[in-house]
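>>> just the structure for this:
(one chain, ligands or ions: 1)
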Amino acid sequence: MYNLASDFVDGNVEKGFGDKAAFIDPACSMSYAQLQKSSCQMANALGALNIKREDRIALLMLDTVSWPVAFFGAVRAGVIPVAFNTLLVTEQYRYILKDCRAQVLFVSAALFDVVKPVLKEIDALQKVIIVDGEVEGYQNFDDVLACESETYATVETSPDEVAFWLYSSGSTGQPKGTKHIHSAMRFTADTYGKNVLGVRHEDICFSAAKFFFAYGLGNAISFPMSVGATTILLPSRPTPQDVFRVLEEYQVSLYFGVPTLYAAILADKKCAPSPALSRLRLCVSAGEALPKDVGTQWFSKFGVDIIDGIGSTEMLHIFLSNVPSEIRYGTSGREFDGYRLKLIDESGEQVSIGDIGELCVSGGSAAEGYWNQREKTRATFEGVWTRTGDKYTCDEDGYYHYCGRTDDMFKVSGIWVSPFEVESALITHERVLEAAVVAHEDDAELIKPKAFVILKSGEGSAELRKELQDLVKNSIGKWKYPRWVEFVDELPKTATGKIQRFKLRG
Ligand code: 3UK
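Down below sits the predicted model:
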């Protein structure tokens, strides 16, 4: 029997770390003992709402101390928390709420208006609870917990039982509910957390990536809590200056960012080296490839290394990484204890050194599969191997070099952008006939969407470009808008009419 709440929460109290701060957000600090009590209250509250083991609840919550309370409370009760991306638009919430059939939605007051229009349509949803604020007509999270007992007999789950879901987006179609098991978090903490980060009890951790990303969940929960360390939380958007302020103010020792943020901090004159950064011992980058220059410039400016590693929602966290003493900037590093890797060609054969292949990974943190998506599950999880959809080469020293996706997907600020989705948004504009979107490097060598647009009639203009950018921002997500819009007369296509995006990349 193994319940991850007993391990990560109660385990720390048993070791005598009860009074230590587990989480600090701008409004309050929460000790391990308090987290234990509040998560028991959460588990009891779910029981009072008649939510049973294996039922699902949705968390659409900003990063505050309430997040781990809700998460561990559910897990303690064998109830499955489904972590929702807080950056989505109303339509997308309708889809995932229907797809996961959560019975209770815990939503931050600040995010309520975005889901409000769909709440009445979701049959399975019985209750909405407002977190960190008030909304008229709904119960508040703290009030719900306050009536409950601070003790709870944690449900004896199996290590192989599904503990939580994360939604992963793919190249086509809707996001997929990715089911993770109880033992997966401990596996990532004992491998990457211990062997690569060397996470310590004294560490002050901070992740620019939020809890709902697998990356953020590991950075801010699995690794620090595996050793009873402290995590700083930032509920607002991680702007370069706010992130930098947190690093200084809290004397962060382990910082987890994404390449765009490292580049933006380097470019910002207000973010200068200072004694307040003296405890910073290691920085981590993931989500997309870290350009070599960003890594070397960061090191020469701040005297701290960035270790780049690749992870995925399917594998829960990083499974291939640079390690502190053997960094090679511009690579994703090497295999480390806990995960096995292979590069395969189209027929499934392993490729030779230096040749490009699809990266496949094997390790104990792989997801159980996708919810209600048999075909996609079978295509991704092949026995012990998980296909990543990433192309890599491996050199003679065992370092892996990223070569792009096997499909056309790409990442902006560590978050997926599907060219197809952006094109679909662009063509909803009345003047647009067709559109093609590709990844394009900006001055800092980071990729951003670039759109090629064919108009129905007339000429393009600066105003129209702005209109199209706003359209994308407002319909599918702020970070997805094309930074460049080029008006063209035709697009390269295959005989079957598929856009040949590779011809536009250049
Ligand atoms: C890409 C990278 C090059 C790659 C993630 C750390 O990003 C995470 O999960 P997602 O499911 O996306 C996975 C895909 O993102 N990628 C991630 N890191 C790198 N490409 N270099 C990198 N360092 O295409 C991968 O297949 O959103 C990252 C930990 C947990 C995660 N879930």
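
>>> please point out which parts of the longest helix anywhere in the chain sit buried.
Assignment by DSSP state H gives helix 32-48 as the longest helix of the chain. Under the neighbour-count criterion of 16 or more other CB atoms under 10 Å, helix 32-48 has 32-46 buried. The way it works is simple: take the backbone N, C-alpha and C, and place the C-beta from them, glycine included.

>>> okay, residue 290: pLDDT?
With respect to pLDDT, residue 290 scores 89.

>>> which residue packs closest to it, ignoring adjacent ones?
residue 308 (4.0 Å; CB to CB, 6 or more residues apart in numbering).

>>> got a list of what the one you found touches?
Applying CB atoms under 8 Å, 6 or more residues apart in numbering, we find residue 308 in contact with 285-286, 289-290, 295, 321-322, 329, 331-333.

>>> could you do residue 488 as well?
Per CB under 8 Å, 6+ apart, neighbours of residue 488: 452-454.

>>> also residue 460?
453, 485, 487.

>>> who does residue 104 form a beta bridge with?
Per DSSP bridges, the residues bridged to residue 104 are residue 57, residue 127.

>>> is it true that it touches residue 48?
No - with contact defined as CB atoms under 8 Å, residue 104 does not reach residue 48; the gap is 11.1 Å.

>>> and the residue of the stretch 401-506 of the chain closest to the ligand?
In the stretch 401-506 of the chain, no residue comes nearer to the ligand than residue 402, which is 4.5 Å away by CB to the nearest ligand atom.

>>> excluding its backbone neighbours, what's nearest that residue?
In space, residue 402 is closest to residue 289, 4.5 Å off (CB to CB, 6+ apart).

>>> do residue 152 as well
Nearest one to residue 152, counting by CB to CB, 6+ apart, is residue 40 at 3.8 Å.

>>> can you give me the offset of stretch 202-218 from its chain's centre?
9 Å (CA atoms, centre = their mean, to the nearest Å).

>>> what about it, near the ligand?
Yes - applying CB under 6 Å from any ligand atom, one finds stretch 202-218 in contact with the ligand at 214-215.

>>> returning to that earlier point: and the residue nearest to residue 152, what is it in contact with?
73, 76, 148-152.

>>> and residue 218, that's in a strand?
No - judged by DSSP: H, G, I helix; E, B strand; the rest coil, residue 218 forms no part of a strand; its state is helix.

>>> can you get me a residue count around the closest residue to it other than its chain neighbours?
Once flanking residues are discounted, residue 218 sits nearest to residue 317: 4.0 Å by CB to CB, 6+ apart. Residue neighbour count, defined by other CB atoms under 10 Å, stands at 27 for residue 317.

>>> these two touch, right, residue 317 and residue 215?
Yes - assessed by CB under 8 Å, residue 317 is found in contact with residue 215 at 7.1 Å.

>>> joint contacts of those two?
In contact with both residue 317 and residue 215: residue 311, using CB under 8 Å, 6+ apart.

>>> what does this protein put close to the ligand?
Residues of the chain lying near the ligand by CB under 6 Å from any ligand atom: 168, 214-215, 286-289, 308-313, 317-318, 332, 388-390, 402, 405, 411, 414, 416.

>>> that older thread, now name the helix or strand holding the residue nearest to residue 290.
Secondary-structure element containing residue 308, defined by DSSP states H and E: strand 306-311.

>>> worst-scoring helix or strand of this protein, pLDDT-wise?
Taking mean pLDDT, DSSP states H and E as the measure, the chain has strand 415-417 as its least confident helix or strand, at a mean of 78.

>>> picking up where we left off before, which of the contacts of residue 488 fall in strands?
452-454 (DSSP state E).

>>> among those residues, the buried ones, what's the PyMOL command?
Listed next is the PyMOL selection for buried residues among the ones in strands among the contacts of residue 488, using 16+ other CB under 10 Å:
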select buried, resi 452+453+454
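
>>> list the residues that contact residue 58.
81-82, 84, 96-97, 100, 102, 104-107.

>>> go with 7 Å
82, 84, 97, 100, 102, 105-106 (CB atoms under 7 Å, 6 or more residues apart in numbering).

>>> before we move on, what about residue 404?
residue 391.

>>> how far away is it from residue 359?
Computed as CB to CB, to the nearest Å, the residue 404 to residue 359 distance reads 11 Å.

>>> swap in residue 224?
In terms of CB to CB, residue 224 sits 28 Å off from residue 359.

>>> could you find the closest non-adjacent residue to the closest residue to the ligand within the chain?
At 2.5 Å from the ligand, residue 311 is the closest residue in the chain, using CB to the nearest ligand atom. Excluding its sequence neighbours, the residue lying closest to residue 311 (CB to CB, 6+ apart) is residue 318, at 3.8 Å.

>>> shaky segments in the chain?
The chain contains residues with pLDDT under 70 at 169-173, 494-498, 506.

>>> any idea how it splits into domains?
Recorded structural domains for the chain (assignment: automatic domain parsing) are 32-157, 185-405, 410-503.

>>> including distance to residue 5, could those domains go into TSV?
Listed next are these as TSV, based on distance: least, CB to CB, whole Å:
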stretch	distance to residue 5
domain 32-157	4
domain 185-405	10
domain 410-503	28
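
>>> what number of residues lie near the closest residue to residue 47 other than its chain neighbours?
Closest residue to residue 47 apart from its sequence neighbours, by CB to CB, 6+ apart: residue 77 at 6.7 Å. Neighbour count of residue 77, defined by other CB under 10 Å: 28.

>>> which residues does residue 77 contact?
Going by CB under 7 Å, 6+ apart, the list of residues near residue 77 reads 43, 46-47, 53, 155.

>>> how near is it to residue 308?
Where residue 308 is concerned, residue 77 sits at a distance of 38 Å (CB to CB).
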